[in-house]
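# got a sequence here, can you model it:
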Amino acid sequence: MGFPGTWMTESESVIYRVVPKCACSTIGQIMFYSDHGRFFEGDIHDSTARLHKWAQEGSQALIERRVKAQNTYAFTCVRNPYTRILSSFFDKICGIQRNGKRYRGNMVPLLVQKYGIEVGGDDGKAEFDQIQSFRRFLLFARDSIRWRKPMEPDIHWSAMSGHVSTFIANGGRYNKIFYTETFNDGMADVLAAIKTPHKVDLKAIPKFNESEGHGPKRAHPVEDYFDDLSMHLVWEIYKRDFQLFKYDFENPGNKMPIGAIDLDEVHAKLGE
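Below is the predicted model of the structure:
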C-alpha cells in the first residue's frame, strides 16, 4: 500500500499527506518555496521534480524511510465536510477543467443521464437549479462510496478520514492536523516546528486555488443546499470526519470546528 498522496520537501524538512479540496495547492507551493525560494510555475499537482511525491517512483524509498522513522515532522489539513463536498460539486461536476474538458471524461454525462443532474450547459455557464442538482449529486456520491456504483468513489469527495488513515495504517504518525478554516494559524505552527532552507512569510503567500474559475459561483448560502435528507446523506458518508475533526454536523451554516482535534484519538481510531 505504501503512502499514497504523501509529499515531502526535497530537503526532507517536512512530510505532508494530501487531502483533496483542503488547501493542498497552497500547501504544496509553500513546501516548494520553503526549499527553493520560489514557487512552482503552474499547478503544483503537475510538478514531477524538486518536491518528493509518492506518485514519483524515485521518491518512494525516501518517503517511506522518513515516514516510518517518525523523525520528520508530518502534518495534514482538513476542511468542513459540508463546504468540501459543495466545492467538489462546483469544481469537478459543474466546471470545465484545466485541459478544457469535463472531469473524468464520461462521468458528467452519466450523472446527467442517471441522476438528472444539471451542470450549466456545455460550458458550465448557463443558469440551472444549483440546489436541486447538488442534492442529486449527493445521492451519486453516496452510491459511489457505499456501493462503488455506478463507479469507484473519487478522491475529491471520498471521506477525509480515509485519506488521513492510510498514512497511519502503514506506519506514519502526524505531528499536526490543522483546519483549512484557520489556515494561517495552522500553517504557522508547522513552519515554526521545522527548519527550512528559505524562510516563508505566510502573510505574503498568495492562495493557490487550482479549482478557482472552473465552475459556476455558488448562488446560495451553504445551509440552503442541505435539507434533512441531504444532511442524512452527508452523515452517512462523513460521520467519522465530523466526529474526529470536530465539525458541526447539526448546523451546515457553521463552517468552523466546534472542538480541538485530539491527535491520540485520531491515531487510535484510524490506525485500527
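# contacts for the worst-scoring helix or strand of the chain on mean pLDDT?
Lowest by mean pLDDT, DSSP states H and E among the helices and strands of the chain is helix 107-115, with a mean of 94. For helix 107-115, the external contacting residues (Cβ atoms under 8 Å, 6 or more residues apart in numbering) are I93, R102, I117, E118, V119, R136, F137, L139, F140, P150, M151. In this view, the C-beta of every residue, glycine as well, is placed from N, C-alpha and C.
# if we use 7 Å, what do you get?
If you take Cβ atoms under 7 Å, 6 or more residues apart in numbering as the criterion, helix 107-115 is touched by I93, R102, I117, V119, R136, F137, L139, F140, P150, M151.
# what do you get for stretch 179-191?
Residues from elsewhere that reach stretch 179-191 (Cβ under 7 Å, 6+ apart): 14, 22-23, 30, 73, 75, 77-80, 176, 178, 200, 202, 255-257.
# over to stretch 117-129?
I93, C94, G95, I96, V108, L111, V112, S133, R136, F137, G215, P216.
# and the furthest pair within those?
By the measure Cβ to Cβ, I96 and R136 form the most distant pair in those, at 20.0 Å.
# run the chain-centre distance for the lengthiest strand in the chain.
Scanning the chain for the longest strand, with DSSP state E as the assignment, gives strand 73-78. Mean-position distance between strand 73-78 and its chain equals 12 Å (Cα atoms, centre = their mean, to the nearest Å).
# now for that strand, which elements pack on it?
Packing partners of strand 73-78 (3 or more Cβ pairs under 7 Å, 6 or more residues apart in numbering; DSSP states H and E): strand 14-17, strand 176-179, helix 183-193.
# what's the most buried one of these?
Among the helices and strands packed on strand 73-78, the stretch with the highest mean neighbour count (mean count of other Cβ atoms under 10 Å) is strand 14-17, at a mean of 25.
# residues touching it, excluding its own?
By Cβ under 7 Å, 6+ apart, the surrounding residues in contact with strand 14-17 are 5-8, 27, 31, 66-67, 72-76, 163-164, 167, 190, 194.
# which of the residues you listed are buried? Put it as a PyMOL command.
To isolate the buried ones among the contacts of strand 14-17 in PyMOL, judged by 16 or more other Cβ atoms under 10 Å, type:
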select buried, resi 5+6+7+8+27+31+66+67+72+73+74+75+76+163+164+167+190+194
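# show me where pLDDT drops low in the chain?
Scanning the chain with the threshold set as pLDDT under 70 gives 210-214.
# and the helices in it?
Counting by DSSP state H, the chain has helices at residues 24-36, 57-69, 81-88, 107-115, 130-147, 160-169, 183-193, 228-245, 263-270.
# so which of those helices gets nearest R50?
Proximity to R50 (Cβ to Cβ) singles out helix 24-36 among the helices of the chain, at 6.3 Å.
# so the closest one versus helix 183-193, what angle?
Per axes from the mean of the first three to the mean of the last three Cα atoms, to 10 degrees, the angle that helix 24-36 makes with helix 183-193 is 30 degrees.
# so which elements touch helix 24-36?
Here helix 24-36 touches strand 6-9, strand 14-17, strand 51-53, going by 3+ Cβ pairs under 7 Å, 6+ apart.
# identify the residues contacting the shortest one?
Around strand 51-53, the neighbours that count as contacts under Cβ under 7 Å, 6+ apart are W7, M8, T9, E10, G28, M31, F32, S59, L62, I63.
# what about the fourth one, distance to Q113?
Separation of E10 from Q113 (Cβ to Cβ, to the nearest Å): 46 Å.
# so these two - more neighbours on which side?
The neighbour comparison of E10 against Q113 (other Cβ atoms under 10 Å) goes to E10, with 17 against 10.
# quick check: closest non-adjacent residue to that one.
D35 (5.1 Å; Cβ to Cβ, 6 or more residues apart in numbering).
# would you confirm that that neighbour contacts W7?
No - contact criterion Cβ atoms under 7 Å: D35 and W7 do not qualify, at 11.4 Å.
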